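missing the sequence, but the structure's below:
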């Protein structure tokens, strides 16, 4: 946006700057925004406007820009997402106008969205599911067959907002494509708005990646520590991974052992809890290890509310 000084310089030399400034002053004095300013600060007379012509011009111009906002990325104001406000002070009989920059609603909304996104990390999970916003009404009516499960998730969110984090998480079980991951992404978004950090991990890909991290102890430790310390940890599609004893006992076991009395852990799975225990009790390397499967489940079963998610398969549906 041009300053008043730049605007005046653009006029042909045949018209004096002082004449143009006087014309601009008269326009500003008639402007509804300036009239309101003078109603608020009766001491602001024409002379005060003249002495602060550039500030008043910017104040009016930026208000006009905001009234016809082209969007934050195309903001024409001096500072993107900000507009000018004026305040009057009188000292020793002299009236002075002071300006300050104020964030607009769109800028504040973007800051809020960025703050929410910064609290959530995803590993191998489509970010689109995390970025999209959904209302509670929409997720409730999207498939009435899963209404009971949605109600349990919404009650968990409300309880956490009111009472803070407990150590109990949720275990969402159900067939393919019933929206388990989506419900967990919704939970992450809603609780991130309340200031909680979160991590969601797609287990099949994570377990494969751990085979590489085995050779990078520093990176492995950093990843495990992050999963231990985050407020909300979601293991998505647990039970679908190609399990090996090292992952089960030394990675997953260590994370769950740390979190079980401290912070909530969440799961989505095609298995119910009993079937998941059978999954953890067998590895391609060592065969049946019932006691080790039970040991992992002792760190899961007592610390979750189990929810069965029913409904139609929505994958591939337009």
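The structure has been received and is ready for your questions. Since we're looking at a predicted model, the values are computed, not measured. Numbers count the residues shown, from 1 in each chain.

neighbours around residue 78, how many?
Number of residues near residue 78 (other CB atoms under 10 Å) recorded here: 15. All C-beta spots, glycine's among them, are computed from the backbone N, C-alpha and C.

Am I right that it is in a strand?
No - under DSSP: H, G, I helix; E, B strand; the rest coil, residue 78 falls outside any strand and is assigned coil.

Phi first, then psi, for residue 272.
phi -80, psi 180 (degrees, to the nearest 10).

got it, and residue 170?
phi -130, psi 150.

so who does the residue nearest to the spatial centre of the chain touch?
Centrality entry for the chain: nearest residue to the mean C-alpha point is residue 116, 2.3 Å, by CA atoms, centre = their mean. Residues in contact with residue 116 (CB atoms under 8 Å, 6 or more residues apart in numbering) are 189, 192, 193.

Quick one: mean pLDDT for stretch 263-274?
Per-residue pLDDT values over stretch 263-274 give a mean of 95.

what's next to that stretch, contact-wise?
Outside stretch 263-274, the residues touching it (CB under 8 Å, 6+ apart) are 165-176, 180-181, 184, 187, 230-240, 255-256, 259, 276, 279, 297, 300-301, 303-304, 306, 308.

same question, stretch 122-129
For stretch 122-129, using CB under 8 Å, 6+ apart, the contacting residues are 130, 181, 182, 185, 199, 200, 201, 202, 205, 206, 209, 236.

Go through the residues you listed and name the one with the lowest pLDDT.
Among these, residue 130 has the weakest pLDDT, 64.

tell me which residues of stretch 78-98 are tucked away?
Neighbour counts over stretch 78-98 (16 or more other CB atoms under 10 Å) mark 81, 82, 83, 84, 86, 88, 95, 97 as buried.

now the helices for the stretch 151-300 of the chain?
Counting by DSSP state H, counting those that start in this stretch, one finds helices in the stretch 151-300 of the chain at the ranges 180-193, 203-213, 217-229, 245-246, 253-259, 273-280, 290-297.

For residue 69, find the nearest of those.
Closest approach to residue 69 among those (CB to CB): helix 180-193, 24.4 Å.

related to what we said a few turns ago, out of the helices of the stretch 151-300 of the chain, which is the most enclosed?
Most buried of these, by mean neighbour count (mean count of other CB atoms under 10 Å): helix 180-193, with a mean of 22.

List the contacts of that one.
For helix 180-193, contacts defined as CB under 8 Å, 6+ apart pick out 116, 119-120, 125, 129-130, 133-134, 139, 149-150, 153, 156-157, 160-161, 170, 172-174, 198, 200, 231-232, 234, 236-237, 266, 268-269, 309.

In strands, which of those residues appear?
Using DSSP state E, the subset of the contacts of helix 180-193 located in strands is 120, 170, 172, 173, 198, 200, 232, 234, 236, 266, 268, 269.

Okay, now the unreliable bits of this protein?
1-17, 128-143, 283-288, 313-318 (pLDDT under 70).

Of the contacts of stretch 263-274, just the buried ones, PyMOL syntax please.
Buried residues among those (16+ other CB under 10 Å), as a PyMOL selection:
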select buried, resi 168+169+170+171+172+173+174+180+181+184+187+230+231+232+233+234+235+236+237+238+239+240+255+256+259+276+279+297+300+303+304
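
what's the neighbour count on residue 67?
8.

next one: the one 10 residues further on
As a burial measure, residue 77 scores 19 neighbours (other CB under 10 Å).

Skip the chain neighbours and tell me the closest residue to it.
The spatially closest residue to residue 77, leaving aside those adjacent along the chain, is residue 62, at 4.9 Å (CB to CB, 6 or more residues apart in numbering).

Kindly report the same for residue 71.
That would be residue 106: by CB to CB, 6+ apart, it lies 7.6 Å from residue 71.
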